[in-house]
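Colleague: no FASTA, just this:
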């Protein structure tokens, strides 16, 4: 099977046309026509992850976050990105990412978050645009999700979130005793959807990268929880796995064993 067959399957699920203008999803390094020898799935394509792929005999690394966001004028090993690119090229490793296109796809990142905590009647928090993809059926797309849950105090629900997403510490504001029946979620930096969460009746909004004033200004309107960027998205690799296994159930695919969150907690 060629690398292109796998990346095409991912793009059928999450078309590149859904990515934000500033994003750089797709192939970062490598040859889409090469035969796949194995796949390593991760959140960030780092030197450690590429080294793991080399050691395991895999030649395709699929990450959520793009390795390259901006143009590289030189590759001299001065930065982690330069070193990772050089290592991948030297060892014929292809690096691919599905980032904001996977965030925006139906049953993408935020939907996976909803699955983890048992939300029902899940819909996009904002969007519902229709985007054609070649000859395929149209794909419904949007940002974040909102859904329902059995009445639960916010503090208890946040404990469930902390366990489900393997969070070191949850930052939150608002009344922890608020009984929550409707929850909004957004993987990654979701501050831009806070007003929409309130508008659609969420009592709890779970996302990442919230600013101090996001907490301060909304503490009387909604419980706002920041679980960390990596923590909110690191289960994206489960979606990659399911797409690949549907394409070829017996193919050699593995989660990166040595990947770690770059943000630590004391």
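Modeller: Great, that's in hand. This structure is a prediction, so every number in the text was calculated from the model and none was measured.
Colleague: how close does residue 60 sit to residue 170?
Modeller: As judged by C-beta to C-beta, to the nearest Å, residue 60 and residue 170 stand 34 Å apart. Every residue, glycine included, has its C-beta placed from N, CA and C.
Colleague: Neighbour count for these two, which is higher?
Modeller: residue 60 (24 against 17; other C-beta atoms under 10 Å).
Colleague: Run through the residues that contact that one.
Modeller: Residue 60 makes contacts with 3, 6, 30, 36, 37, 38, 39, 40, 53, 93, 94, 96, as judged by C-beta atoms under 8 Å, 6 or more residues apart in numbering.
Colleague: Against residue 75, how distant is the third one?
Modeller: So the one you mean is residue 30. Residue 30 sits 14 Å away from residue 75, going by C-beta to C-beta.
Colleague: Looking at those two, which is more packed in?
Modeller: Neighbours of residue 30 and residue 75, each counted by other C-beta under 10 Å, are more numerous for residue 30; the result is 18 against 14.
Colleague: separation between residue 260 and residue 245?
Modeller: Look at residue 260 and residue 245: by C-beta to C-beta, they are 25 Å apart.
Colleague: And residue 204, by the same measure?
Modeller: For residue 204, the distance to residue 245 - C-beta to C-beta - is 33 Å.
Colleague: who's more crowded, these two?
Modeller: residue 204 (24 against 12).
Colleague: Can you give me the separation between that one and residue 159?
Modeller: 12 Å.
Colleague: these two touch, right, residue 98 and residue 65?
Modeller: No. Applying C-beta atoms under 8 Å as the test, residue 98 and residue 65 come out as separate, 9.7 Å apart.
Colleague: Give me the more crowded residue out of these two.
Modeller: With neighbours defined as other C-beta under 10 Å, residue 98 and residue 65 compare such that residue 98 has more, 30 against 21.
Colleague: what residues are up against the more buried one?
Modeller: 10, 11, 14, 25, 62, 64, 236, 240 are the contacts of residue 98 under C-beta under 8 Å, 6+ apart.
Colleague: In JSON lines: those, plus pLDDT and neighbour count.
Modeller: Formatted as JSON lines, the contacts of residue 98 follow (pLDDT from 0 to 100; neighbours: other C-beta atoms under 10 Å):
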{"residue": "10", "pLDDT": "98", "neighbour count": "24"}
{"residue": "11", "pLDDT": "97", "neighbour count": "24"}
{"residue": "14", "pLDDT": "96", "neighbour count": "28"}
{"residue": "25", "pLDDT": "97", "neighbour count": "25"}
{"residue": "62", "pLDDT": "98", "neighbour count": "26"}
{"residue": "64", "pLDDT": "98", "neighbour count": "27"}
{"residue": "236", "pLDDT": "97", "neighbour count": "26"}
{"residue": "240", "pLDDT": "98", "neighbour count": "25"}
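Colleague: Lowest mean pLDDT among the helices and strands of the protein, which one is it?
Modeller: In the chain, no helix or strand scores lower on mean pLDDT, DSSP states H and E than strand 120-133, which sits at a mean of 74.
Colleague: where along the stretch 1-150 of the chain do the helices fall?
Modeller: 3-13, 47-56, 80-90, 100-104, 109-117 (DSSP state H, counting those that start in this stretch).
Colleague: tell me how far the third one is from the chain's mean position?
Modeller: What that stands for is helix 80-90. Offset of helix 80-90 from its chain centre (C-alpha atoms, centre = their mean, to the nearest Å): 23 Å.
Colleague: That one packs against which elements?
Modeller: strand 26-29, helix 47-56, strand 94-97 (3 or more C-beta pairs under 8 Å, 6 or more residues apart in numbering; DSSP states H and E).
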